[in-house]
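A.B. asks: Sharing a model that was predicted from the sequence below.
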Amino acid sequence: MAKDPVCGMDVDESSPLKTRRDGQVYYFCSEYCRKKFLAEAQGAKPQQKPASAANAVYTCPMHPEIEQDRPSDCPKCGMALEPKSPALEEPSGVKATQRLKKKFWVGLFLTLPIIFLAVSSDSQPEFARYLQWILATLVVFYYGDFVLDRARQSIVRGHLNMFTLIGLGVVVAYGYSTMALFLSPGAYLYFEAASAITVLVILGQWLEAKARGQTSQAIKGLLALAAKEAHLVKNGQEEQVPIEQVRKDDLLRVKPGEKVPLDGILVEGRSRVDESMISGEPMPVEKNVGDQVIGATVNQTGTFVMRTEKVGAETLLSQIVHMVAEAQRSRAPIQGLADKVAGYFVPAVILVSLITFFAWLLAGPQPAFTYALVNAIAVIIIACPCALGLATPMSIMVGVGRGAQAGILIKNAEAIEKTEKITHVLIDKTGTLTEGKPKVTASSGSQEMLGIAASLEQNSEHPLARAIVDYARDNDVKLQDVRHFESVTGAGIKGQINGKTVLAGKQQLLEESRVSIPDDLKTRAAQWQDKAQTVVWVAMEGKAVGILGIFDPVKKTTPDAIRALLGMGLKVIMLTGDNRKTAESIAAQAGIDQVEPELTPQRKQEIVKKFKEQGAVVMMAGDGINDAPALAQADVGVAMGTGTEVAIQSAGITLVKGDLNAIVKSLRLSRAIMNNIRQNLFFAFIYNGLGIPIAAGVLYPFFGLLLNPIIAGAAMSFSSVSVIGNALRLRGLSLD
């Protein structure tokens, strides 16, 4: 036995994979190792690590169009900007939360004496009044400085927001009290209102910052799953290295209990891998040589060696984090209502506050000015539109993160809103209803016929093509060069081998090419199709020379998933390019009544369009390149994560595991998110709809009740926290 000089594995010296260098013969376990050995001998430079972004990008939860390269406040709403892609550790966010916490406790410590002095006696000594002024000045202008600064910025930039109202209320209360202190001895002071409102706003911002931090826990949880180190196998030696040093095509050894470092392919050994962090399914998946392994999944039973195929931002985990972060910042159409209302809200509140002031001043009891001022401030403070603005984005952020944990990757918020309204689910067959790993199970022709079919199919990535090529290689059939290759969309392929015209594909292709088809082959093909086998016809020089039967079993989870979809009141239709008999047999196994067989990619797209024109809201699920047009045409396209990149890019939702049960989960998730958004919007509208009239004093003539500005400030702060708290309930949502 010899040792592979690249990976150190034992290699039989009878292996044809060998090369001579410096008078010595080297043997290799694979063509990959041989090529790598030759490349290193020629001085090839190792692949460089993908560059990462130099600076983080910060954006606003309520206005995702706002982007800056540093932490700051949103120029529109005044909220603190957050990183678009949260890191595992966010020092700036942690410091900001701690800063707000300190401001609150110190501000509260200074405010309590002000309140005590204000309510302890009707006639206060002068030193007590001046002490209130000193303490209130510290609270309002030092600890609440950011509140006033955001209010000032909102006016300067022309974007009136929640801080405009808060700042206006605090400044009016503080300003009036200061003037009264120096110009009107004995007049009632409102330093306790200005200070308490400021402290309550700080409390609300602190609690809100803590709660908003929890909305990114899904992403942080995914980031925490990534492996930190790997066992690099090189020149027969094993070395533990940081994950950042691993390059594409490196060999890594993964031991039981360890995380798979990066995405790659298993080249030695076998094991069972827990992929629940990606797919949401608890059952481990068996892995053998040639199978794909995903970074951050957990190896359970055996040791294996893998070849790294993706590093850095290319890995599935990195792509999931990026997709989730982008989706969390997207805007749902339903948010347009809240945006429209918010655009007129602040000016309307200021107008209502002025009307309240003059109404109490002219018609209120004595002291009329005091009643007018207190109620006008209460209106301004309680009418904070923050809850309205947060209602939709908080639910989207938490819901998208919950979907990622279940292996459901949502492209944007619009897909969530549309998914809730789905009426028809159109499903491709291969790789969606079936395993997507077809195998040739029957052949009617000679080795020559098999060679023709495999030679034509060798350049195709279609699952059926791969099945034919694998079958030919297993039977030691030599593949030949094909000239004048032509692909006939949805029908098959043509070409020339040794000067002879050859075809492989559907019976329709042969008939259109005027190929002679023997009756016995037609009979046999019909028998195979009745057994759910896909038939590929092979012809040469105008005559059919044989057929191949290919079987792709229905996924075990498919029947239960179809029953669940039907139980949700949805119409389920199977779309396939396969023969009608084969399609109907597969549909019967899956539990689907309606089938559209023998479709080209264009026809699939036309069918989706037809259903939409009839008023249906269509979800299309598929995994192949030929499904991409239909996925793009559908209201919501669902791509299987096991499918092609083109299909995934065309879809609004990607299912990492490629399991139809995940479609059921995505429907449940979308309905839960939209219900949560409606609850938040209802709460925000009702809160303001009831709060503003009460603050204005409509209950005073009937019950003698007025709303103290301090109570209004507390209600305003906790309204935002309540909306976020309701959104956070989605983290524990059960999708089963």
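C.D. replies: Looks like it came in fine.
A.B. asks: who's in contact with Ile382?
C.D. replies: Counting by CB atoms under 8 Å, 6 or more residues apart in numbering, Ile382 makes contact with 688, 691-692, 694-695, 707, 712-713, 715-716. All C-beta atoms are positioned from the backbone trio N, CA, C, and that covers glycine.
A.B. asks: All the helices of the stretch 501-650 of the chain, residue numbers only.
C.D. replies: Assigned by DSSP state H, counting those that start in this stretch, the helices in the stretch 501-650 of the chain fall at 507-512, 519-530, 558-567, 580-590, 601-613, 628-633, 645-650.
A.B. asks: which residues in the stretch 151-300 of the chain form helices?
C.D. replies: 162-183, 191-215, 217-225, 276-279.
A.B. asks: Take the helices of the stretch 501-650 of the chain and write them to a markdown table, including distance to Tyr27.
C.D. replies: Formatted as a markdown table, the helices of the stretch 501-650 of the chain follow (distance: least, CB to CB, whole Å):
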| stretch | distance to Tyr27 |
| --- | --- |
| helix 507-512 | 46 |
| helix 519-530 | 44 |
| helix 558-567 | 46 |
| helix 580-590 | 46 |
| helix 601-613 | 46 |
| helix 628-633 | 44 |
| helix 645-650 | 36 |
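A.B. asks: Nearest the geometric middle of this protein, what residue?
C.D. replies: Computing the C-alpha centroid of the chain and ranking residues by CA atoms, centre = their mean puts Val324 first, at 3.0 Å.
A.B. asks: Please identify which of the helices of the stretch 151-300 of the chain is closest to Ile350.
C.D. replies: helix 162-183 (7.3 Å; CB to CB).
A.B. asks: Counting neighbours, which bits of the closest one end up buried?
C.D. replies: 162-170, 172-174, 176-178, 180-181 (16 or more other CB atoms under 10 Å).
A.B. asks: same deal with stretch 490-498?
C.D. replies: Buried-residue list, stretch 490-498, by 16+ other CB under 10 Å: 490-495, 497.
A.B. asks: what residues are up against the closest residue to Arg580 other than its chain neighbours?
C.D. replies: In this structure, Arg580 finds its nearest non-sequential neighbour in Pro597, 4.2 Å apart by CB to CB, 6 or more residues apart in numbering. Contact partners of Pro597, counting by CB under 8 Å, 6+ apart, are 576-580, 582-584.
A.B. asks: which one of those residues is nearest Ile663?
C.D. replies: Closest to Ile663, out of all of those and judged by CB to CB, is Thr576, at 17.1 Å.
A.B. asks: Show the pLDDT at that closest one.
C.D. replies: Listed pLDDT for Thr576 reads 85.
A.B. asks: Next: Asp476.
C.D. replies: 86.
A.B. asks: Name the helix or strand for it, please.
C.D. replies: Per DSSP states H and E: Asp476 is located in neither a helix nor a strand.
A.B. asks: start at 37 instead
C.D. replies: Understood, numbering begins at 37; the last thing we discussed is Asp512.
A.B. asks: Show me which helix or strand of this protein is least confident by mean pLDDT.
C.D. replies: helix 681-686 (a mean of 57; mean pLDDT, DSSP states H and E).
A.B. asks: Tell me which of the helices of the stretch 537-686 of the chain is the most buried.
C.D. replies: With neighbours defined as mean count of other CB atoms under 10 Å, these peak in mean count at helix 664-669, which reaches a mean of 24.
A.B. asks: Can I get it as PDB, trimmed to CA atoms?
C.D. replies: Presented in PDB, the C-alpha positions along helix 664-669 are these (Å, rounded to 0.1, in the frame of the first residue of the first chain):
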ATOM      1  CA  ALA A 664     -37.900  29.000 -12.800                       C
ATOM      2  CA  PRO A 665     -40.400  30.700 -15.100                       C
ATOM      3  CA  ALA A 666     -43.400  29.300 -13.300                       C
ATOM      4  CA  LEU A 667     -41.800  30.200  -9.900                       C
ATOM      5  CA  ALA A 668     -41.300  33.800 -11.000                       C
ATOM      6  CA  GLN A 669     -44.900  33.900 -12.500                       C
END
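A.B. asks: Packing partners of it?
C.D. replies: If contacts are counted by 3 or more CB pairs under 8 Å, 6 or more residues apart in numbering; DSSP states H and E, helix 664-669 sits against helix 637-649, strand 654-658, strand 672-676, helix 681-686.
A.B. asks: so what strands line up beside the second one?
C.D. replies: So that's strand 654-658. Paired neighbours of strand 654-658 in the sheet (DSSP bridges): strand 460-464 (parallel), strand 672-676 (parallel).
A.B. asks: For Pro297, which of these is the nearest?
C.D. replies: Among the strands paired with strand 654-658, if distance is taken as CB to CB, the winner is strand 672-676, at 25.1 Å.
A.B. asks: chain center to that closest one: distance?
C.D. replies: Chain-centre distance of strand 672-676: 13 Å, with CA atoms, centre = their mean, to the nearest Å.
A.B. asks: report the angle between the axes of that strand and helix 637-649?
C.D. replies: Strand 672-676 and helix 637-649 are oriented at 140 degrees to each other (axes from the mean of the first three to the mean of the last three CA atoms, to 10 degrees).
A.B. asks: I'd like the average pLDDT over strand 672-676.
C.D. replies: 84.
A.B. asks: ditto for stretch 744-751
C.D. replies: 78.
A.B. asks: Ok, stretch 73-86 next?
C.D. replies: On average, the pLDDT along stretch 73-86 is 52.
A.B. asks: Tell me where the model's unsure across the stretch 637-772 of the chain.
C.D. replies: Low-confidence segments of the stretch 637-772 of the chain (pLDDT under 70): 660-662, 677-686, 694.
A.B. asks: do the stretch 137-286 of the chain as well
C.D. replies: 157-160, 247-259.
A.B. asks: And the helix or strand containing Leu146, what does it pack against?
C.D. replies: In this assignment (DSSP H and E), Leu146 forms part of helix 127-156. For helix 127-156, the elements it packs on are helix 162-174, helix 227-251, judged by 3+ CB pairs under 8 Å, 6+ apart.
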